[in-house]
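A.B. asks: No sequence on hand, only this structure:
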């Protein structure tokens, strides 16, 4: 046991508590017939919370963690600390990349062995803990070998390296009974079209994803394969731009029934969308998988990965998720990093606790709106015209028949109020 | 004949000319074995050049045109002036919406009759002119009946109105031997998700487009059906966000072989993409149809629809088009409006002349880069590794076989320079 | 009396009410020792609520108001309806431009006479009402004569016209006992630097503002002169970009003691700032005057002028205002327009009611944070080092003395946590 | 001598040359009566070219330089390589931060000694070279001690450290006969207002700058003190947002005659301005000092620091500089970094060579426009009305006199075309 969190006891639910506690999050509270914990399915992200040193493009490391030693001893200590945080927070899940948990080796094989040793430690810890793996993933963007892409690299040896990496990470995810396997293609894109063969790169990316799906079936992994959209950064353009783009890509390679999306609030914003847009679209397209509940500053054009703090926004997000029937294998991952000035262990715990409370408030507000039919009743009323037999028949008709009817019947539609402000007021009664 | 352009003679090519003339655009100059005019296929947009009064959200009409009378006499005068501009510029094409060319009637039928009268005038004028119709389209966004959408309206009567409208406009386009028919869904989207049934709206939009394609075949129209992507404005979110989104939509409704895209530089920018990105992606997806060559100010978050003026950017756009083999039915439309302070007839002519010169310079630079293999040779070299039998075999392989090979062969790829700056220097030798 | 709001009774405070009422806003509730009404000082904006037809750049009028007749009868009817809304809402203030309230005449004199007639009607109505004028202002951006600027126009006759206009509007504001006079320079900027003499334009703008201040003193107007910053739109660049820019401009012309700012949330966002940033900066510079509490969609790059709906954001805004000691002559104006699909009188009332409730919740949360010293105690603690005599002495010292001390004392500062997430959690306990 | 640039000979001017050479930059070519070198005054930035490892927020080092050893031997080798690049390029200037050139020591004094040793090496090299120092500066943003600000830090010991650092760097700049001393306040701003005392921070920043100015005079440094504006990144908000903000700040502390600005194209863009706007504004305010000629991608919301490559844009920038009379102590610094995939020494040389050619083309085009009076004649014509005695008298008049005249004379101004497109065409004849 480390002493990193030495002064911090496991958090409890206490609506009137002082200090760090849950004022709103109560895992056992029933919401729409399900425990709150089972709705929200919170996960801690290993990378930001334990591997990120606090650097930014203009400054280096600010955090000083005893495990920042870049060796296996550090990796083991980091695993101890991570599971301590999971216990303090009482979260049901965590997530990790290969590179978060082990030091890089001199060869692929050495990196793999380092990785597997820590995965085994995780397995042992998970036997004694209720925490489970929400998803595993591979970091194929940090090392310089990936600078020109992973599966889309001009060098086929990098493609090979990535195939081997994903195989290794899928094996580990399967072994640890992960609920999902995620691919974020941080370098799958380009810096300049001038040196890029976009057609070949997209083909390679499609082929790679097909191999991933095949391997899932081969090993009997029953979790969900998820792609995480992001429009840009680190690249000038990333191929998995947003939900709609990923959906088109999946269809093109016949994978739209096999792969879903992990949607991050911050990435949605960087793509010019609201988070709820991306969630609603994924739901309508049948590919809503899981979420990364970390916000981006609306006015900073890079990935700020901040913990959520705005209840009204979070409520609208969970509203779309509840409309989809809630999470299946997915959950709420905090792909959020502390501000680099937030140096202390207490900051790390408090940031998660605050975020979990924000989500709990959002979920409860969303559930009440749905239970009250507060938004769905007016929505149905607005589209009620489409339920008539005439309207349905028109959808099976053709342009010239409809045109004839318009003139014959003198159709001249009169607009009706969209009532946006009234609906916004409705939401404000719940948040 | 009007006296609107009374003082302005048809423009000629004169590299050293003073006043308004073409210093670079020479329709008959051969570029890569084809006349420049046949490469560029310029079109004037009727709406901005003849129907737009110069308003913006904070101010009303600035232009004073003799045809702004909102009656049929004005519509006929406008047609005269328009064809005078086409002659002055010597452009081979024009484009129009129904609402640009006729006054709104009290009923659908009256509007249709007004429209058809002007279409007939166009037909007569086109017999005496070399100008042809690049594309026709319907304005289903300006009138208040479309405020909540056209094909995606909550009211099925608006869907019906739109079907009748598109039928009428397709008939006119077919009659005038238009090369394409365009759909821009300016109101196909939403202001707020709170009152929107996105799933139903997307279904209706898909069904509508299928009817359009069916009608094309029914009447024997041989032009191309084009969708024009735009991310937002006037709506908070427009469903045809960008090329990738439209492609996914087309696939979902089985229309990806039937419909292509009309890509606007300004809309690309508003979606967070470079113009050349959208062009290259459309080419790789097989849906590159036509372009609107009007720029957006990079730092104004609304649609500025400015005439192009940056040769290096325009060269990169035509480069992607030339790589696609050039236009088929498509062309270069200027969906550009004068700045609202540019009040005079001379401004309208000069703006087009300058834009045509910019495009001519861009095309010639692009052609030379392609003929010299200046960018393609380094691109091929960068991806040469993929041409080996081993690399191709890997693409037909699977994750575990590749992983085994990575460890067996000790694969450890070493990055190679992407040479971006050197390639940018190459481009600068041509522009 | 009109029948426009026929079915809508004056709103009352009812925390559990159904339909349109105030659930949170209670004018008489005491907050930090002052009535809530006297803190918030709400104003309705005449232009958006009564003069705007519902157009956008891609569509025309959607609203159908009986007073849209562009004559004096319409202007009188509009005034009736406006005062009915003020009564329904119980707001203490309204605001207007000259052009909102009267039809344009054929000459300056005719426009002035039209204006003065309506101003007199206002005066009569205000005698029978508790509503007062928060500010008057002149619309010097909509008419085509202002297309190239108002006080910054290349044509000195436009400068003259503007001087006459502002004089007329200041006279009316003074007559109606307005609390402030506002200048928003919607066309004081440029479309392109290529045709702009920025130095001359800034000089003219400075001279114009000096004349305004002189005239204020001449007529004995005791309200505050306010500039409303906005970065762009309608122009490519507006000179009054943001608070810092306006402050620099005021200093340059020696007016920083005479003129304050009216800060709009939406304009702050368009300038790349948070609203609270602009408020805090104005407070620190001593120029915080009044606010326009209408939000901009963070992801739409044009002025969306929406009613506020996010309580946490609004709380942070009022927090900065309370730290400044609250409003003096300023207040909370809703420079907000209904969405153009919100057609009904009910929408107009509900939008204001919801916004007033959002502001009431924000104000109360802000007041509690301040009363609890919840944010100020940690802020003081963070900067406590500066209160030592050594630190204060250093500020009066010089570089070389300090450098000598750094080496002599071996100063080597150790960073301390900025505790951002913990402070965000604190805020979430109040909102 | 290192072998880093072993294969690369000093570049020569050769308009038709192959490989890396100057096709446009010819130091001795006369432009408007001055040598091109003396107009452009190019500088290489030590940090990006020699100290930056190629990392980004999602990936680490890509560059492998023999001097990346973080010791004095590496620092000496780096200095060798740097001066080799200066010779190859034939640039007249370079720029550096303290942290670029020396390893961090365990104490302030050790860092200072490391620094001074390398400064002495520079001095020796400069005796044998024509290269001079354009400006020196201090890096007060990378080390963790600066994470919460430099002169604006909540901890006065950090202020002290910064004072000592700037003194040291000013001494070195003075010793090396630097032409300017630059301050970029990368951490002078905030992450969140919640923990920030903005008023105190601005006061400390003002006091610090006053000390810098005092020290300049004390040591007899005759160069210019420059502030480099940037709106954000690394901070959420940086106090030196843009030129207008800096000017207001300088006035507030009485420093507007003592300090000028170093304007970066990329920072202008991030602040929502065109580069030429910032240059023109600084010129009109009398604070135009120097430039960083590195572009930002318009669609990436972080600082991309790319070498310039767009001649038309660069021409407009030099046009504003030439209108200001050209540089005095300032120059053209390339605060530009290679793309992180551009690994090779050749990339570093070619990037600078291409950028220098782009600037040379831009300068020559700008000079021709000015010599031809191509833009100034129409500009003067547009504002000619202001040269009349009546117009000038009006500026000395008051609102009521002007208003009386407007009515008496029936003034009713008629707008005239702004001719923007025609002026854009004019520019395109030169670029």
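C.D. replies: Noted; the coordinates are in hand. In this text, all values refer to a predicted model and were calculated from it rather than measured experimentally.
A.B. asks: Now do the contacts for the closest residue to chain D within the stretch 251-400 of chain A.
C.D. replies: Nearest to chain D in the stretch 251-400 of chain A, going by CB to the nearest CB, is residue A:301, at a distance of 1.1 Å. Every residue, glycine included, has its C-beta placed from N, CA and C. Taking CB atoms under 8 Å, 6 or more residues apart in numbering or on different chains, we find residue A:301 in contact with A:270, D:270, D:300, D:301, D:302.
A.B. asks: Local confidence estimate at residue A:9?
C.D. replies: pLDDT recorded at residue A:9 is 95.
A.B. asks: contacting residues for it?
C.D. replies: residue A:88.
A.B. asks: where does it fall, helix, sheet strand or coil?
C.D. replies: coil (DSSP: H, G, I helix; E, B strand; the rest coil).
A.B. asks: Would you mind measuring from it to residue A:18?
C.D. replies: Note on residue A:9: its distance to residue A:18, by CB to CB, to the nearest Å, is 13 Å.
A.B. asks: Can you give me the domain assignment for chain A?
C.D. replies: A:30-371, A:384-428 (automatic domain parsing).
A.B. asks: The residue of the stretch 101-250 of chain A found nearest chain B is in what secondary structure piece?
C.D. replies: Using CB to the nearest CB, the closest approach of the stretch 101-250 of chain A to chain B is made by residue A:248 at 2.7 Å. Using DSSP states H and E, residue A:248 sits in helix A:243-252.
A.B. asks: Return the set of buried residues in whichever strand or helix holds residue A:159.
C.D. replies: For residue A:159, the host element (DSSP H and E) is helix A:156-175. Buried residues in helix A:156-175, counted by 16 or more other CB atoms under 10 Å in any protein chain shown: A:156-175.
A.B. asks: Could you list the contact residues of the stretch 251-400 of chain A toward chain C?
C.D. replies: Those residues of the stretch 251-400 of chain A that sit near chain C, judged by CB under 8 Å from any CB of the partner chain, are A:269, A:272-274, A:298-299, A:307, A:309-313, A:338-339, A:341-344, A:346-347, A:350-351, A:353-354, A:357-358.
A.B. asks: Report the separation between residue A:428 and residue A:103.
C.D. replies: 50 Å.
A.B. asks: ok, these two, which is more surrounded?
C.D. replies: Legend: neighbour count by other CB atoms under 10 Å in any protein chain shown for residue A:428 and residue A:103, higher for residue A:428 (20 against 17).
A.B. asks: From what I see, that one and residue C:357 are in contact.
C.D. replies: Yes - the criterion here is CB atoms under 8 Å, and residue A:428 meets it with residue C:357 at 7.0 Å.
A.B. asks: How about the residues of the stretch 301-431 of chain A by chain D?
C.D. replies: For the stretch 301-431 of chain A, the residues in contact with chain D (CB under 8 Å from any CB) are A:301, A:302, A:303, A:339, A:340, A:341.
A.B. asks: Pick out whichever of those residues sits closest to chain B.
C.D. replies: residue A:301 (10.3 Å).
A.B. asks: is that closest one in a bridge, and if so with what?
C.D. replies: residue D:301 (DSSP bridges).
A.B. asks: how much space between it and residue D:258?
C.D. replies: When residue A:301 is compared with residue D:258 (using CB to CB), they lie 33 Å apart.
A.B. asks: what does residue A:166 give?
C.D. replies: Remark: distance between residue A:166 and residue D:258 (CB to CB) = 59 Å.
A.B. asks: The helix or strand following the helix holding residue A:248 versus helix A:243-252: what angle between them?
C.D. replies: Counting by DSSP H and E, the element after helix A:243-252 in chain order, helix or strand, is strand A:259-264. Counting by axes from the mean of the first three to the mean of the last three CA atoms, to 10 degrees, strand A:259-264 lies at 160 degrees to helix A:243-252.
A.B. asks: still on that earlier bit, among the contacts of residue A:301, which pair sits farthest apart?
C.D. replies: A:270 and D:270 (15.3 Å; CB to CB).
A.B. asks: Going by residue numbers, what spans are strands in chain A?
C.D. replies: A:30-31, A:34-35, A:42-45, A:93-97, A:132-137, A:180-183, A:189-190, A:224-227, A:237-238, A:259-264, A:288-292, A:332-334 (DSSP state E).
A.B. asks: Mean pLDDT and mean neighbour count added to the ones you listed, as TSV?
C.D. replies: TSV is the format used below for the strands of chain A (pLDDT from 0 to 100; neighbours: other CB atoms under 10 Å in any protein chain shown):
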stretch	mean pLDDT	mean neighbour count
strand A:30-31	98	17
strand A:34-35	98	12
strand A:42-45	98	26
strand A:93-97	98	27
strand A:132-137	98	26
strand A:180-183	98	25
strand A:189-190	98	24
strand A:224-227	98	24
strand A:237-238	98	24
strand A:259-264	98	28
strand A:288-292	98	26
strand A:332-334	98	26
